[in-house]
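> Got a sequence here, can you model it:
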Amino acid sequence: MAEIVNLKRVRKDKARRERDREAEANRQRFGRTKAQKAIEKEAKNREQRSLDAKQLED
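So this is what the prediction gives:
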């Protein structure tokens with residue numbers, strides 16, 4: 001005999017797996033550690049200061 005399945009539970013489980021897969025993809029795309037963010041911010045600030053120092057004045 002076939003196993004009895006609750007279709008509502010199956011749909012919810014499938015939706016949960018889809019959300020988990022999407023969340024993992026987003027973590028790969030957007031996830032950075034605090035140290036990585038700080039390094040990027042410092043590099044951006046350093047670059048901006050360098051550009052400001054080279055700017056010509058009227």
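> Quick check: mean pLDDT of the lengthiest helix in the chain?
In the chain, with assignment by DSSP state H, the single longest helix is helix 7-30. The average pLDDT for helix 7-30 rounds to 95.
> cool, and stretch 40-56?
Rounded mean pLDDT across stretch 40-56 is 93.
> Show me the contact partners of it.
residue 32 (Cβ atoms under 8 Å, 6 or more residues apart in numbering). In this view, the C-beta of every residue, glycine as well, is placed from N, C-alpha and C.
> what's the burial count for residue 32?
Neighbourhood size, residue 32 [other Cβ atoms under 10 Å]: 11.
> contacting residues around it?
Contacts of residue 32 by Cβ under 8 Å, 6+ apart are residue 40.
> Report the secondary structure state of it.
Residue 32 falls in the coil class when you classify it by DSSP: H, G, I helix; E, B strand; the rest coil.
> Would you mind measuring from it to residue 26?
12 Å (Cβ to Cβ, to the nearest Å).
> and if you look at residue 1?
From residue 1 to residue 26 the distance is 42 Å (Cβ to Cβ).
> from the chain's centre, how far out does the helix or strand harbouring residue 43 sit?
Secondary structure from DSSP states H and E places residue 43 in helix 34-54. Mean-position distance between helix 34-54 and its chain equals 21 Å (Cα atoms, centre = their mean, to the nearest Å).
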